[in-house]
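Colleague: Quick one: sequence and predicted model below, then my questions.
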Amino acid sequence: MYRFLFSGGGGEWGVMLRVTRFRLLIQQRHLSFATFLIHFGRSSLELARLHDEPRLANLTISSRTYDRWMTGDIKGLPAHDVCRVLEHMFDVAAEVLFATVHADSTPLSGAVPLSQPAEQSALAGADLWDSPGRIRAQTKELFPDETEAADVHLAQAAIERVVQQYEVVGPERLGPEVRIVRRMLHGLLRGRQSQADRQQVCRLAARVSGLLGYMAVNTGSEAAFAYCEEAVALAREINDNSTIAWALGTTSLGLYYAERYAEADAAAAAGVGLAPASPQAIRLLVNGRARALARLGDRKGAVQAIGQALELSDRQPGLVSGLTSCISFEPYGMARTLSNALTAYVSLADTARAGECADAVDAHVMASDSAWSKALVRLDVASSVLQGAAPDVEHAMQLGHEALDAAAGKPIQSILKRARELRVQASRWDDLHPVREFDERLSSLTMSRSSE
């Protein structure tokens, strides 16, 4: 047990940190809160299936509760069902998990001398015998005849969580967790399932690979293209054209940021060719074709692709007007479509149309919790300001600073690339203080990212 002392107006006061076996096990396995939730969710689903108790599948742990467990700020034990899940997850009795141990103890049960007889007894039991739930789970692993419903449910939940949290949490934190889900689904595909079950697992595996491809694009990793190829291969296995189109759109995105614009356009065009009237074609047209064609200087082609995307959007029933998640498998909402059109018009130096798009999306972007979208729109508007007949350099650089502020100091690859392009665009005014100031900040940020 540790005691931390702080000085205050009334003297010293302290906070007690009680070191438990739970804390040591978490540290030994290098589990973040988010990764802990994945394992806890899988254990709760396994337990629900093994004992035919559906309520167990809905159990979850809040970050506040997790923090209390990590600091030992807990009296007694958690709720009975939560204890059952934890015991199934760690294969250790709850009484042992939350018992106080020495800070330098090994997390492995049996290697730590415990002072209380009750704890020693519980620990000995955990050492001698596996828990009944763990035995049943291990037995089923020997006979992979059927798709594990719990694993499928977990994969579905993981995809939904990534889509909801991605623009807040980011690829560095979510990527490792999604890789765990990918390995789990690959394991299922190596087993034997009914045709219907296999189709479901294939679709989920394709989408998980697609998500990993998108995250890799945002971090500038070449792994993006391999993940997308895998997503296409899995989706083709079950003729899932929607997921194929989405993966081709993500491939196009990666090629765009690699400045391979002709290939980016070709990948997006291939996706559109699969199903020209599909909702996925909206993203392929405006994010893929229009932006790539604009970079290639094909004004007519870029404007035509934007028009087709807007026309297709108008034909979609119940299309969201706001800013949809950038990584969602659902159709682009109108604000997301116009944000991409804004980028294309900036590349075409069409300040009038760029201004119209910026005005149309501003309220939606500001109301969203997407720091990246706010940053990217600001950078586009900043570029457009410099393209006008009377460039306002100071305002453009202020927008550049606001973009870096919005990105919370850790921007994704697309933000860095667009910020660098803004800096190059402003090089005509290198003698002005706002430009030099923006250059210093961007250089510092780039150096800190490259050293990570």
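Modeller: Okay, I see it.
Colleague: tell me the SS of the spatially most central residue of the chain?
Modeller: Geometric centre of the chain, nearest residue: residue 166, 3.5 Å, by CA atoms, centre = their mean. Recorded secondary structure, residue 166: helix (DSSP: H, G, I helix; E, B strand; the rest coil).
Colleague: Quickly find the element holding residue 336.
Modeller: Per DSSP states H and E, residue 336 falls inside helix 334-347.
Colleague: What distance do you get for residue 32 to residue 176?
Modeller: Plainly put, residue 32 is 8 Å away from residue 176 if you go by CB to CB, to the nearest Å. (Each C-beta comes from the backbone N, C-alpha and C, glycine too.)
Colleague: Return the residues in contact with residue 41.
Modeller: 60, 154, 157 (CB atoms under 8 Å, 6 or more residues apart in numbering).
Colleague: With residue 181 instead?
Modeller: Taking CB under 8 Å, 6+ apart as the test, what residue 181 contacts is 38, 154-155, 158, 208.
Colleague: Show me the shaky parts of the stretch 1-150 of the chain.
Modeller: Within the stretch 1-150 of the chain, the ranges that satisfy pLDDT under 70 run 1-17, 103-134, 136-148.
Colleague: can you give me the helices in the stretch 351-452 of the chain?
Modeller: Along the stretch 351-452 of the chain, counting by DSSP state H, counting those that start in this stretch, helices occupy 351-367, 371-387, 393-406, 413-425, 433-450.
Colleague: what's the angle between the fourth one and helix 393-406?
Modeller: So that's helix 413-425. If you take axes from the mean of the first three to the mean of the last three CA atoms, to 10 degrees, helix 413-425 sits at 160 degrees to helix 393-406.
Colleague: cool, and the second one?
Modeller: Interaxial angle of helix 371-387 relative to helix 393-406 (the same axes, to 10 degrees): 170 degrees.
Colleague: How about the first one?
Modeller: Computed with the same axes, to 10 degrees, the direction of helix 351-367 lies at 30 degrees from that of helix 393-406.
Colleague: what do you get for the longest one?
Modeller: For helix 433-450 against helix 393-406, the angle between stretch directions is 20 degrees (the same axes, to 10 degrees).
Colleague: Of the contacts of residue 41, select the buried ones using a PyMOL command.
Modeller: Selecting only the buried entries of the contacts of residue 41 in PyMOL, with 16 or more other CB atoms under 10 Å as the criterion:
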select buried, resi 154+157
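Colleague: for the stretch 301-450 of the chain, which spans come out with low pLDDT?
Modeller: Where the stretch 301-450 of the chain drops to pLDDT under 70, the residues are 408-410, 446-450.
Colleague: tell me the strands in the stretch 201-350 of the chain, going along the chain?
Modeller: Counting by DSSP state E, counting those that start in this stretch, the stretch 201-350 of the chain forms no strands at all.
Colleague: what about residue 60, which SS state?
Modeller: Secondary structure, three-state DSSP: residue 60 is coil.
Colleague: what's near enough to touch it?
Modeller: 37, 40-41 are the contacts of residue 60 under CB under 8 Å, 6+ apart.
Colleague: could I get the residues you listed as TSV with secondary structure and distance to residue 240?
Modeller: Output for those, formatted as TSV (DSSP: H, G, I helix; E, B strand; the rest coil; distance: CB to CB, whole Å):
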residue	secondary structure	distance to residue 240
37	helix	28
40	helix	30
41	helix	25
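Colleague: can you tell me which of those residues lies nearest to residue 422?
Modeller: Proximity of these to residue 422 (CB to CB) peaks at residue 37, which lies at 38.3 Å.
Colleague: Is it correct that the closest one is in contact with residue 62?
Modeller: No: the criterion here is CB atoms under 8 Å, and residue 37 misses it with residue 62 at 9.9 Å.
Colleague: Counting neighbours, go ahead and name the busier of those two.
Modeller: Taking other CB atoms under 10 Å, residue 37 and residue 62 do not tie; residue 37 has more neighbours (20 against 10).
Colleague: what sits against residue 250?
Modeller: Contacts for residue 250 (CB under 8 Å, 6+ apart) come out as 210, 213-214, 217, 224, 228, 231.
Colleague: Leaving out the residues flanking it, which one is nearest to residue 345?
Modeller: Nearest non-adjacent residue to residue 345, counting by CB to CB, 6 or more residues apart in numbering: residue 354, 4.0 Å away.
Colleague: Verify the contact between residue 176 and residue 35 for me.
Modeller: Yes: Residue 176 lies in contact with residue 35 (CB under 8 Å); the separation is 7.0 Å.
Colleague: Now do the same for the host helix or strand of residue 179: mean pLDDT, whole number.
Modeller: Following DSSP H and E, one finds residue 179 within helix 171-189. What helix 171-189 shows for mean pLDDT is 87.
Colleague: wait, isn't residue 436 in contact with residue 430?
Modeller: Yes: using CB under 8 Å, residue 436 makes contact with residue 430 at a distance of 7.0 Å.
Colleague: Which residue of these two possesses the greater neighbour count?
Modeller: Taking neighbours as other CB under 10 Å, residue 436 and residue 430 compare with residue 436 leading, 14 against 10.
Colleague: Tell me the spacing between that one and residue 445.
Modeller: Applying CB to CB, the value for residue 436 to residue 445 is 15 Å.
Colleague: and the residue nearest to residue 345, what does it touch?
Modeller: Neighbouring residues of residue 354 by CB under 8 Å, 6+ apart: 342, 345-346, 380-381, 384, 387.
Colleague: now do residue 365
Modeller: By CB under 8 Å, 6+ apart, the residues touching residue 365 are 323, 335, 339, 373-374, 377.
Colleague: one more time with 7 Å
Modeller: Contact analysis of residue 365 by CB atoms under 7 Å, 6 or more residues apart in numbering lists 323, 335, 373-374, 377.
Colleague: Check the gap between it and residue 93 for me.
Modeller: For residue 365, the distance to residue 93 - CB to CB - is 51 Å.
Colleague: Just give the number of residues close to the nearest residue to the residue nearest to the centre of the chain once chain neighbours are set aside.
Modeller: Excluding the flanking residues, the one nearest residue 166 by CB to CB, 6+ apart is residue 327, at 4.7 Å. For residue 327, the neighbour count with other CB under 10 Å is 21.
Colleague: I am finished for the moment; much appreciated.
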